[in-house]
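A.B. asks: The sequence and its predicted three-dimensional model are supplied below.
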Amino acid sequence: MNADEIRSWKGKPYPELAAAVLEKFIPDCLPAETLGFMCREAYDYPVPLESVEARIHVMRLDRGPTASFKDFAARMMPG
């Protein structure tokens with residue numbers, strides 16, 4: 001991933017970002033539409049970013065269905 005590609009992700013919803021990143025690690029394993037669907041299904045909850053200070057943010061990994069960071073990995077596994 002290059003800097004321009006990463007910058008282009010600004011403001012995109014988490015499921016879309018997850019699919020874009022996963023495509024880099026599993027190229028040609030799944031059609032992009034399937035991967036996108038899996039990410040939308042797995043991450044059907046808000047993933048808030050909280051500002052710590054200028055240009056520094058924290059992604060709240062405790063906002064999934066079970067209030068655990070594991071929701072971010074475990075919810076993709078059934079797919």
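C.D. replies: Now that the structure is in, tell me what you want to look at.
A.B. asks: For H57, which residues are in contact?
C.D. replies: By Cβ atoms under 8 Å, 6 or more residues apart in numbering, the residues touching H57 are 49-51. All C-beta atoms are positioned from the backbone trio N, CA, C, and that covers glycine.
A.B. asks: Looking at those residues, which is nearest A19?
C.D. replies: Top of the list for closeness to A19, among the contacts of H57 and by Cβ to Cβ, is L49 at 18.0 Å.
A.B. asks: Checking the closest residue to the closest one other than its chain neighbours next. Helix, strand or coil?
C.D. replies: In space, and not counting its chain neighbours, L49 is closest to H57: 4.5 Å by Cβ to Cβ, 6 or more residues apart in numbering. Secondary structure, DSSP: H, G, I helix; E, B strand; the rest coil: H57 is strand.
A.B. asks: same deal with V21?
C.D. replies: V21 - assigned by three-state DSSP - is helix.
A.B. asks: and it, how many neighbours does it have?
C.D. replies: By other Cβ atoms under 10 Å, 13 other residues sit near V21.
A.B. asks: Quick check: phi and psi at S51.
C.D. replies: With angles defined as degrees, to the nearest 10, S51 sits at phi -80, psi 130.
A.B. asks: Now do the nearest residue to it once chain neighbours are set aside, the pLDDT please.
C.D. replies: In space, and not counting its chain neighbours, S51 is closest to H57: 5.5 Å by Cβ to Cβ, 6+ apart. On the pLDDT scale, H57 is placed at 91.
A.B. asks: in the chain, which spans are helices?
C.D. replies: Along the chain, the stretches classed as helices by DSSP state H are 3-8, 14-25, 32-42, 71-74.
A.B. asks: So which of those is nearest D62?
C.D. replies: So among the helices of the chain, helix 71-74 is nearest, using Cβ to Cβ, at 8.7 Å.
A.B. asks: separation between the residue nearest the centre of the chain and E53?
C.D. replies: The chain has A18 as the residue nearest its centroid, 3.1 Å off, counting by Cα atoms, centre = their mean. Separation of A18 from E53 (Cβ to Cβ, to the nearest Å): 26 Å.
A.B. asks: Same check on L17?
C.D. replies: Going from L17 to E53 by Cβ to Cβ gives 22 Å.
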